[in-house]
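> After the sequence you'll find the predicted model.
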Amino acid sequence: MGKLAPLAFTFINVADVENNDGSDCLKIGKGWNDYEEYRNKEQERKLKMNFVNNKDILQFFQYTHLKPEMQNVSKPFHDMAHEIIERIPPNPERSVALRKLLEAKDAAVRAFIFQVQP
């Protein structure tokens, strides 16, 4: 099978505009340039949505409400989460690092309270 030709795509920005004589007409945008600008803005918006809210995960690293012996287990994870937020720029891997750190903290707490069942 031979190579397929790429599909051509034209994005047309259409807006209603009133002519000087009062009749309506259509104004055609710049075509591909408008699409490129739209796509870039959409990608930026998605990145902001995905990574700006990384700080929300910090609520799960709080430890001051815990008993003192549990605080000793949780505090190092709290400190590391804050270091990650401060030192690493927002990106998909930072999100993964924070989620995995939260999983590790949860496992450490469970390990601390683990009791062998008879």
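Yep, it's here.
> And for residue 102, nearest residue in space, chain neighbours not counted?
residue 60 (5.5 Å; Cβ to Cβ, 6 or more residues apart in numbering). The way it works is simple: take the backbone N, C-alpha and C, and place the C-beta from them, glycine included.
> neighbours of that neighbour, just the number please.
Neighbour count of residue 60, defined by other Cβ atoms under 10 Å: 16.
> Equivalent analysis for residue 54, please.
Residues near residue 54, counting by other Cβ under 10 Å, number 19.
> I figured it hits residue 98, correct?
Yes - counting by Cβ atoms under 8 Å, residue 54 touches residue 98, with 6.1 Å between them.
> list residues touching both of the two?
Counting by Cβ atoms under 8 Å, 6 or more residues apart in numbering, the contacts common to residue 54 and residue 98 are residue 85.
> Give me the contacts around stretch 105-118.
So stretch 105-118 is contacted by 60, 61, 69, 70, 73, 74, 77 (Cβ under 8 Å, 6+ apart).
> quick one: which of the residues you listed is most hemmed in?
That'd be residue 74 among the contacts of stretch 105-118, by other Cβ under 10 Å, with 21 neighbours.
> got a list of what that residue touches?
Here residue 74 is in contact with 61, 63, 66, 105, 108, 109 (Cβ under 8 Å, 6+ apart).
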